[in-house]
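Trainee: Take this sequence and fold it.
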Amino acid sequence: MTGLHRAYLLLYNVILAAGWASIGWAAVREYNHSGHVKHLFRATEKSLFIFQTAALLEVFNAAVGFVKSSTQNSWGYVLILAAWTVTEVIRYTYYAFNQLNMTPFILTYLRYTLFIVLYPMGVTGELICITKALPVVHSSKLYSWGLPNTWNLSFDYYYVLIGIIPLYVIYFPQLYSHMFRQRKKVLSPRSVDKESKNR
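Mentor: Below is the predicted model of the structure:
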């Protein structure tokens, strides 16, 4: 890896960590100011879109941000916001320190431990948001098109969202178990001892 490549990755991860930290700060500040979750979306919408898109993660954008509905004011959005923010601040800070070959153990520990709470929290939030968005997506025909049209194809985003919900039940246990295996591997005494000797 060239020095320029490493510098780019370091800068990228620092920016993403700072970006997610700013989202978390904006959410806390807004909640302290208004005392209500209904204003969190307004306070975090633009930053969340920028940094979530920059991370190229799978996001149910229509369910959590692009539809003017109760989705934006739900506790589902709060759960997603909290889970994503904490996860991404830690993740990109971890990556940034890795570029410098000086990752503190506490950062590694947090990266491979907090998922135990944050992963179910984020999944629960996403399911709440999708469920709350369904009636609006259905009535507005958001991201959907019917026949007739030039391409002679139809698409209904409402049914796509319904089809996504069972995937959580199928894949969440597998992904969650995988994270526990990763945690055991990374935080084993042998791995920790090897990592400290390599510094």
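Trainee: shaky segments in the chain?
Mentor: 1-2, 5, 8-9, 54-73, 149, 192-199 (pLDDT under 70).
Trainee: centroid residue for it?
Mentor: Centroid-nearest residue in the chain: residue 84, 3.8 Å away (criterion: Cα atoms, centre = their mean).
Trainee: show me what contacts residue 74?
Mentor: Each residue near residue 74 by Cβ atoms under 8 Å, 6 or more residues apart in numbering is listed here: 37, 128, 129, 132. For every residue, glycine as well, the C-beta is placed using N, CA and C.
Trainee: Out of those residues, which sit inside helices?
Mentor: Residues from the contacts of residue 74 lying in helices, with DSSP state H as the criterion: 128, 129, 132.
Trainee: which element follows the host helix or strand of the residue nearest to the centre of the chain toward the C-terminus?
Mentor: Residue 84 belongs to helix 75-99 when elements are defined using DSSP states H and E. Per DSSP H and E, helix 75-99 leads on to helix 105-111 as the next helix or strand towards the C-terminus.
Trainee: Check which helices and strands that following helix sits against.
Mentor: Secondary-structure packing of helix 105-111 (3 or more Cβ pairs under 8 Å, 6 or more residues apart in numbering; DSSP states H and E): helix 75-99, helix 189-197.
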